[in-house]
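Trainee: show me how the following folds:
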Amino acid sequence: MLKDGPGKDKAMQCLACHSLDYIQMNSRFLDKAGWTASVNKMINAFGAPIAREDVDEIASYLAENYGKPEPVKEKP
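Mentor: Alright, predicted model coming up:
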C-alpha cells in the first residue's frame, strides 16, 4: 500500500495500471520534476485516465514519499 500523506488518494490512480513495485523501483531516481514528467508520460503516451489538474498533486506526493533523496548540504 502507498504511504500516507497528502495526495495519496490521487496517487492511488497509478495502481490501476501497475503495481506499487514500479513506484518503489523508480523512487531513488526521480525528484518532483522527474515524477511530473513520468505522470505526464503515463497520460500522453499510455492514455492513463488521470486528470491534468491532478498531475502536480500526484508528483508532489510521489516526490515527498518516494522521491530521490535530497543531497545533504554541507555547512560552509
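
Trainee: centre-most residue in this structure?
Mentor: L62 (3.2 Å; C-alpha atoms, centre = their mean).

Trainee: and the gap between that one and G7?
Mentor: L62 sits 8 Å away from G7, taking C-beta to C-beta, to the nearest Å as the criterion. No exception for glycine: its C-beta is placed from N, CA and C like everyone else's.

Trainee: picking that back up, measure the residue nearest to the centre of the chain to A11 for me?
Mentor: For L62 relative to A11 (C-beta to C-beta), the value is 6 Å.

Trainee: with M42 instead?
Mentor: Taking C-beta to C-beta, one finds M42 at 12 Å from A11.

Trainee: contacts only, for the residue nearest to the centre of the chain.
Mentor: 7, 11, 23, 27, 30, 35, 39 (C-beta atoms under 8 Å, 6 or more residues apart in numbering).

Trainee: low-confidence bits of this structure, can you list those?
Mentor: 71-72, 76 (pLDDT under 70).

Trainee: now intersect the contacts of L62 with the strands, please.
Mentor: With strands taken from DSSP state E, there is no overlap with those.

Trainee: for those residues, pick the one with the most neighbours.
Mentor: For the contacts of L62, neighbours were counted using other C-beta atoms under 10 Å, and W35 has the most, 27 neighbours in all.

Trainee: that one reaches A59, doesn't it?
Mentor: Yes - with contacts counted by C-beta atoms under 8 Å, W35 reaches A59, the gap being 4.1 Å.

Trainee: compute the number of surrounding residues for the spatially closest residue to T36 that is not a sequence neighbour.
Mentor: Setting aside the residues directly before and after it, T36 is nearest to A59 in space (C-beta to C-beta, 6 or more residues apart in numbering), at 4.1 Å. Residues lying near A59 (other C-beta under 10 Å) number 25.

Trainee: that's all I had, so thanks and see you.
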